[in-house]
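Asks: when you get a sec, could you give me coordinates for this:
(one chain, ligands or ions: 1)
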Amino acid sequence: MLDARRRACLEAMGIELWRVRGEGNRLAENAPSHTEPPGQGSETGGGSLAPQRPLPTRTHPDQAPAVANLEPAAPQRATTVLGPEPSGFSWEELEVAVKTCTACDLHETRTQTVFGVGDRSTSLMVVGEAPGADEDRQGEPFVGRAGQLLNAMLQAIGFAREQVYIANIIKCRPPGNRDPHIEETAACQPFLHRQIALIQPRLILSVGRISAHNLLGTEEAVGRLRGRVHRFDPGDIPLIVTYHPAYLLRRPQEKSKAWQDLQAAYRTLGGRMV
Ligand code: SF4
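Replies: Residues are numbered from 1 along each chain as shown. As a prediction, the model looks like this:
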């Protein structure tokens, strides 16, 4: 059975326990726990995501993540570096570089940059799209209602917000919340790539269309990118695509699919919480 905290998280996500069980899906009753890791027993989450073998534990922050025995990598987009080149930067240098960056026009309209937040030695990195109005105001990614839903999603698989690292594809808000332009994402890409290289997560959870398209170099719909484990290059890091919380707020009927994705993320991490 689910503990009260995880049940509350699932309910916050809008996962209707009775409905999910009634569909034979058994998603909610198979929510991961420390004592009953996914991958043991029935935890197929509707069957759209193939079970993955647990990954070996990373033993040192500088050690490259071991990622054997996952599905074949998706094609990756070649890295295009049009903006800064922070490939050797420390965290401190990177923060300064982002804060003072004027590599694309978005610096003219931002209130502040939104660097990223969370545990820099985490196993799970969440990559979203771009700062919205709240994020631009507060300087932190995924705040507001979408952020609250993301927090609930993470808690449902045992992660507090502080236990993951959360960043966006670009660090400055596009005016009017428009999609970022290709030259903007290209200019900002080295910052995110350096963050990923410094963290060396064992899994990237890519949330939303813009994130998935930029991380995987594809234009496929999120619905088609879900359900398999991709690889992020550079780093050959397992990557799972799911819907953006803001999209889930507009289309709550898709939350059960996001829950499947989170279960797959949990399995890909080998059932370890942090
Ligand atoms: Fe620099 Fe990225 Fe902001 Fe553009 S979006 S100004 S590249 S930090």
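
Asks: residues of the stretch 101-250 of the chain that sit close to the ligand?
Replies: Within the stretch 101-250 of the chain, the positions near the ligand by CB under 6 Å from any ligand atom are 101-104, 106-107, 113, 170-172, 184, 187-188. Heads up, the C-betas are built off the backbone N, CA and C, glycines and all.

Asks: in helices, which of the residues you listed appear?
Replies: Applying DSSP state H to those, the entries found in helices are E184, A187, C188.

Asks: give me the neighbour count for the last one.
Replies: Counted by other CB atoms under 10 Å, the residues lying close to C188 total 27.

Asks: contacts only, for it.
Replies: For C188, the contacting residues are G83, C101, A103, C104, I169, I170, K171, C172, P180, by CB atoms under 8 Å, 6 or more residues apart in numbering.

Asks: try 10 Å
Replies: Counting by CB atoms under 10 Å, 6 or more residues apart in numbering, C188 touches 82-84, 98, 101, 103-104, 106, 113, 130, 168-172, 180, 214.

Asks: residues near the spatially closest residue to G132 that is not a sequence neighbour, how many?
Replies: Spatially, and ignoring its direct neighbours in sequence, G132 is nearest to N177 (5.6 Å; CB to CB, 6 or more residues apart in numbering). Neighbour count for N177, taken as other CB under 10 Å: 13.

Asks: cool, and R137?
Replies: With neighbours defined by other CB under 10 Å, the count for R137 comes to 15.

Asks: so which strand or helix has it?
Replies: helix 133-138 (DSSP states H and E).

Asks: packing partners of that helix?
Replies: helix 144-156 (3 or more CB pairs under 10 Å, 6 or more residues apart in numbering; DSSP states H and E).

Asks: buried ones in the helix it packs on, by neighbour count?
Replies: Using 16 or more other CB atoms under 10 Å as the test for burial, helix 144-156 gives G144, A146, G147, L149, L150, N151, A152, M153, L154, Q155, A156.

Asks: next one: the third one from P245, what distance?
Replies: Plainly put, G147 is 7 Å away from P245 if you go by CB to CB, to the nearest Å.

Asks: shared neighbours of these two, which are they?
Replies: With CB under 10 Å, 6+ apart, G147 and P245 have common neighbours G128.

Asks: gap between the spatially closest residue to D105 that is not a sequence neighbour and H193?
Replies: Computed as CB to CB, 6+ apart, the closest residue to D105 that is not its neighbour in sequence is E184, at 7.3 Å. E184 is 15 Å from H193, where distance means CB to CB.

Asks: so those two - more neighbours on which side?
Replies: Legend: neighbour count by other CB under 10 Å for E184 and H193, higher for E184 (22 against 18).

Asks: so that one makes contact with N168?
Replies: No: the criterion here is CB atoms under 10 Å, and E184 misses it with N168 at 11.7 Å.

Asks: hey, what's in contact with both of those two?
Replies: Common neighbours of E184 and N168 (criterion: CB under 10 Å, 6+ apart): A130.

Asks: point out where the stretch 1-150 of the chain drops to low pLDDT.
Replies: 1-85 (pLDDT under 70).

Asks: how about the helices of the chain, start to end?
Replies: 4-13, 17-22, 91-99, 133-138, 144-156, 182-199, 209-216, 222-225, 245-250, 255-268.

Asks: could the ones you listed go into a markdown table alongside distance to S121?
Replies: Compiled in a markdown table, those are given as follows (distance: least, CB to CB, whole Å):
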| stretch | distance to S121 |
| --- | --- |
| helix 4-13 | 24 |
| helix 17-22 | 34 |
| helix 91-99 | 11 |
| helix 133-138 | 23 |
| helix 144-156 | 17 |
| helix 182-199 | 7 |
| helix 209-216 | 21 |
| helix 222-225 | 28 |
| helix 245-250 | 24 |
| helix 255-268 | 18 |
